[in-house]
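Asks: Based on what follows, work out the 3D shape:
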Amino acid sequence: MKLLLDVNVLLDVSHRHHDYPQSQVLYRRIITSPLHEGTFAACGYTTLYYFLHREIGARRARATLLEWHRHLGLLPFTEPMAQAAHRLQMTDFEDACIAITAYESQCEAIVTRNVQDFVASPIPAHTPEDLLAML
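Replies: Numbering: from 1, shown residues only. The predicted structure follows:
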C-alpha cells in the first residue's frame, strides 16, 4: 500500500509525541514492511524543516529529513499540480496540495490527524489509528 504521510504525522514521528504514539507505531510498521511504501510530499518539505528547526535545532532537523529520505519516498510537486490544487474544493490550501500530490503519485491513502480537512480529497485520508487497524 502506497501511503502519503502528512506533515502533522511526520512531526509526531520526529518529536515522538506522547499524545500521538500511533504515528510512531505506524511509521515503524510502514518502513519495516515490504508490503507498504511510505512517502512524503515535497510541497511540505520546507514546512517540516521550519518546525523541526524550531523544536530540535538546525543540525538535528537536517538529520531527521535525511533519515526520512532513507525510508520514505519524496513525492514531487509541480506547476500542473499546483494548478490542480487550486481547483480542489478544500478549505485549507496546504491540504489541497497534499491531496493532489497523493492523487498524482497514485497513493492509496493519506495518513493525517486532520481527516476532516480531507473530505473533498480525491484520495481517502485516515488517522494513524484507523490505518493501523486496516493494516
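
Asks: CA atoms for contacts and neighbours, from now on please.
Replies: Will do.

Asks: so where's this protein shaky on pLDDT?
Replies: Across the chain, the ranges flagged by pLDDT under 70 are 16-18.

Asks: which residues in it form strands?
Replies: Secondary structure of the chain (DSSP state E): strands located at 2-5, 37-41, 73-75, 109-111, 125-126.

Asks: buried sites along the first one?
Replies: Translated: strand 2-5. Buried residues in strand 2-5, counted by 16 or more other Cα atoms under 10 Å: 2-5.

Asks: for stretch 11-31, same thing?
Replies: 11-14, 20, 22-24, 26-27, 29-31.

Asks: What lies in contact with that stretch?
Replies: 9-10, 36-38, 48, 51-52, 64, 71-72, 128-129, 131-132 (Cα atoms under 8 Å, 6 or more residues apart in numbering).

Asks: What is the most widely separated pair among these?
Replies: Greatest spacing in the contacts of stretch 11-31, by Cα to Cα: 36 and 51 (26.6 Å).

Asks: can you pull out the helices in the protein?
Replies: 7-15, 21-32, 45-56, 58-71, 79-87, 93-104, 128-134 (DSSP state H).

Asks: now the contacts of stretch 11-31: which count as buried?
Replies: Applying 16+ other Cα under 10 Å to the contacts of stretch 11-31 flags 9-10, 37-38, 48, 52, 64, 71-72, 128-129, 131-132 as buried.
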